[in-house]
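In: sequence isn't available, so here's the structure alone:
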């Protein structure tokens, strides 16, 4: 039978359950749950009390056995004095029953009573609270509740189960009961022999209750202090974690609602932990998003401006075409219209390419690229198509495996191709374009030099702007969209590199483009390689 793939797993259920609780409540729950283990101390108290009671029962049996032996060896006329002395030493009530079951001696009639059974209704509220706590703890730990103790209406052997058991077995028998005020009553019975008197000793062991309550109070104090400290630490932990996360969440929501420009995501510079890393990552992400939005709007404005010129020219040519009869003028207008259509087509193609670069680079899987081999293939293909004006291409091929990096080979090829085409267009007839690729420290350097007029310092940054084009005077207007170098910079920056322009090293005429790319790049899964 096939498993039910729709049924939730244990992990799914646990995640669903934990997802219902806020982070603050989960921190409190985890810390208090650990402290709840201290409640096991109350189970220890119950076992501690049971051990004390068992020890007292055994002690009472031993003491009563010694009394029985002493009475058996003492003349009967001295029994009362011996029983009274024993009662004074042990604080027990000792009773002597005859063979016929009747009471014949009672230490309480010889001495002042050593204990008194208290009426719980006549005691103070503090003792009521203490007994209520005793009952609560007994219920929590499932403590075994002993029978209640009560003085019989007719004091004889058959009124005491322990006396009946001792008479039948001939051995000492002890029983634990609760007095009306829930204090332990320890009673022991023993037979002095066949057809001889029986002894019963009862004790109200209030000291056991005091000992257990004192231990419970100390444990309660420790538990209360631990809970208070745990709650305070949990709240402090929640404050240092939850509050900054809420601030970041609110900022992220505002960014999602389309208010990226007016949102300042807190960077939390004082935090050096994971929360600080998250804050700075979100801040950088929102800053990059603002830059992307601004760049998109600027790009849209530039596209609109660039498209208006050929469209206006095309509209004018078509409007004039209907009113012009001269064949030569109509031919000129048609040439203008055709040029504008080709310019529009070139603009649309380059604009689409420029808009796809960033998106494709964000999804691209980088592979090892031998830049030297890539340039070599580019030169072979370029020479096969023919190079205008007799311009020559020279490439200083590096050793294999030197200029190697992680990247998108097709995009890197587009960068080098744009730089080479730019150098060819500015080179004089028979000029030389030099291309180099090498490894310097942890970077791969690619340079393209030409023998053209060079680029003025004032234009070295603006030429990388979209639709900004400075072409040779002899070149026909409209042959370039001004996006080539902008696309090249976008690709290089998408590879975490940089592109710059300067003069040739020999200080002669010409421009020198330098592309610097890191040899150790980030893979698609964000793991660094050397």
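Out: Looks like it came in fine. Predicted model only: the values in this text are computed from it and were never measured.
In: residue boundaries of the strands in this structure?
Out: Residue ranges of the strands in the chain, as given by DSSP state E, are 93-97, 103-106, 173-178, 184-191, 198-204, 367-370, 392-396, 404-407, 432-440, 443-449, 498-503, 511-518.
In: who are the packing partners of the second one?
Out: In this case it means strand 103-106. For strand 103-106, the packing partners by 3 or more C-beta pairs under 8 Å, 6 or more residues apart in numbering; DSSP states H and E come out as helix 79-90, strand 93-97. No exception for glycine: its C-beta is placed from N, CA and C like everyone else's.
In: pLDDT weak spots in the stretch 301-450 of the chain?
Out: 302-303, 305-306, 350-364 (pLDDT under 70).
In: how long is stretch 322-330 end to end?
Out: 9 Å (C-alpha to C-alpha, to the nearest Å).
In: list the buried residues for stretch 97-111?
Out: 97, 99, 103, 105, 106, 107 (16 or more other C-beta atoms under 10 Å).
In: got the contact list for the last one?
Out: To tie it back to what came earlier, the one meant is residue 107. Neighbouring residues of residue 107 by C-beta atoms under 8 Å, 6 or more residues apart in numbering: 83, 84, 86, 87, 92, 93, 94, 95, 114.
In: how about a cut-off of 6 Å?
Out: Contacts for residue 107 (C-beta atoms under 6 Å, 6 or more residues apart in numbering) come out as 83, 84, 87, 93, 94.
In: against residue 82, how distant is it?
Out: Look at residue 107 and residue 82: by C-beta to C-beta, to the nearest Å, they are 10 Å apart.
In: related to what we said a few turns ago, pLDDT check: weakest of the buried residues of stretch 97-111?
Out: The member of the buried residues of stretch 97-111 with the lowest pLDDT is residue 99, and it reads 85.
In: that one against residue 193, yeah?
Out: No - using C-beta atoms under 6 Å, residue 99 makes no contact with residue 193, being 9.9 Å away.
In: hmm, back to that, in ChimeraX, select just the buried ones from the contacts of residue 107.
Out: Filtering the contacts of residue 107 down to the buried ones (16+ other C-beta under 10 Å) takes a single ChimeraX command:
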select :83,84,87,93,94
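In: in JSON lines, list the buried residues of stretch 97-111 along with distance to residue 382.
Out: Formatted as JSON lines, those follow (distance: C-beta to C-beta, whole Å):
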{"residue": "97", "distance to residue 382": "126"}
{"residue": "99", "distance to residue 382": "131"}
{"residue": "103", "distance to residue 382": "128"}
{"residue": "105", "distance to residue 382": "129"}
{"residue": "106", "distance to residue 382": "126"}
{"residue": "107", "distance to residue 382": "124"}
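In: and these, which two are furthest apart?
Out: 99 and 107 (20.0 Å; C-beta to C-beta).
In: so where's the stretch 1-150 of the chain uncertain?
Out: Applying pLDDT under 70 to the stretch 1-150 of the chain picks out residues 1-27, 29-42.
In: 90 - rerun?
Out: Residue ranges of the stretch 1-150 of the chain with pLDDT under 90: 1-53, 71-77, 88, 90-91, 99-101, 108-150.
In: what count of nearby residues applies to residue 449?
Out: Using other C-beta atoms under 10 Å, the number of residues around residue 449 comes to 24.
In: list the contacts of it.
Out: So residue 449 contacts 434, 504, 510, 512 (C-beta under 6 Å, 6+ apart).
In: take those residues and write them to TSV, including distance to residue 173 and neighbour count.
Out: Shown next, in TSV, are the contacts of residue 449 (distance: C-beta to C-beta, whole Å; neighbours: other C-beta atoms under 10 Å):
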residue	distance to residue 173	neighbour count
434	115	18
504	116	16
510	118	23
512	112	20
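In: min pLDDT across those residues, which one?
Out: For the contacts of residue 449, the pLDDT minimum is residue 504, 74.
In: all helices for the protein, in order.
Out: Listed in chain order, the helices of the chain (DSSP state H) span 10-19, 23-36, 40-72, 79-90, 107-110, 125-140, 161-169, 206-256, 274-321, 327-363, 371-385, 409-426, 484-494.
In: any residues touching the fourth one, and which ones?
Out: Okay, so that is helix 79-90. By C-beta under 6 Å, 6+ apart, the residues outside helix 79-90 that reach it are 67, 71, 74, 94, 105, 107, 110, 111.
In: max pairwise distance over those: which two?
Out: The largest separation in those, counting by C-beta to C-beta, is between 74 and 111 at 18.2 Å.
In: quick check: beta-bridge partners of the residue lying closest to residue 515 once chain neighbours are set aside?
Out: Of all residues not flanking residue 515 in the chain, residue 446 sits nearest, at 4.2 Å (C-beta to C-beta, 6 or more residues apart in numbering). Residues in a beta bridge with residue 446, per DSSP bridges, are residue 437, residue 515.
In: spit out the contact partners of the residue nearest the centre of the chain.
Out: Nearest residue to the geometric centre of the chain (C-alpha atoms, centre = their mean): residue 274, 9.0 Å. Contacts for residue 274 (C-beta under 6 Å, 6+ apart) come out as none.
In: that older thread, show me which of the contacts of residue 107 is closest to residue 430.
Out: For these, the residue nearest residue 430 by C-beta to C-beta is residue 93; the value is 132.1 Å.
In: and of the contacts of residue 107, the nearest to residue 160?
Out: residue 93 (12.2 Å).
In: that closest one is in contact with residue 202, isn't it?
Out: Yes - with contact defined as C-beta under 6 Å, residue 93 reaches residue 202; the gap is 4.8 Å.
In: now do the same end-to-end measure for stretch 100-116.
Out: This stretch, stretch 100-116, spans 28 Å end to end (C-alpha to C-alpha).
In: same thing with stretch 317-332?
Out: End-to-end distance for stretch 317-332: 9 Å, by C-alpha to C-alpha.
In: contacting residues around it?
Out: Counting by C-beta under 6 Å, 6+ apart, 333, 336, 337 sit against stretch 317-332.
In: could you redo the last one with a cut-off of 7 Å?
Out: Under the contact criterion C-beta atoms under 7 Å, 6 or more residues apart in numbering, stretch 317-332 has outside partners 333, 336, 337, 340.
In: beta partners of residue 173?
Out: Under DSSP bridges, the beta-bridge partners of residue 173 are residue 189.
In: ok, it - contacts?
Out: Contacts of residue 173 by C-beta under 7 Å, 6+ apart are 162, 165, 166, 189.
In: please repeat the previous calculation with a cut-off of 10 Å.
Out: Taking C-beta atoms under 10 Å, 6 or more residues apart in numbering as the criterion, residue 173 is in contact with 57, 61, 64, 160-167, 187-191, 200.
In: can you add distance to residue 327 and give the strands of the chain back as a markdown table?
Out: What follows is these, written out as a markdown table (distance: least, C-beta to C-beta, whole Å):
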| stretch | distance to residue 327 |
| --- | --- |
| strand 93-97 | 144 |
| strand 103-106 | 150 |
| strand 173-178 | 128 |
| strand 184-191 | 129 |
| strand 198-204 | 135 |
| strand 367-370 | 55 |
| strand 392-396 | 44 |
| strand 404-407 | 55 |
| strand 432-440 | 44 |
| strand 443-449 | 47 |
| strand 498-503 | 48 |
| strand 511-518 | 45 |
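In: appreciated, that's everything.
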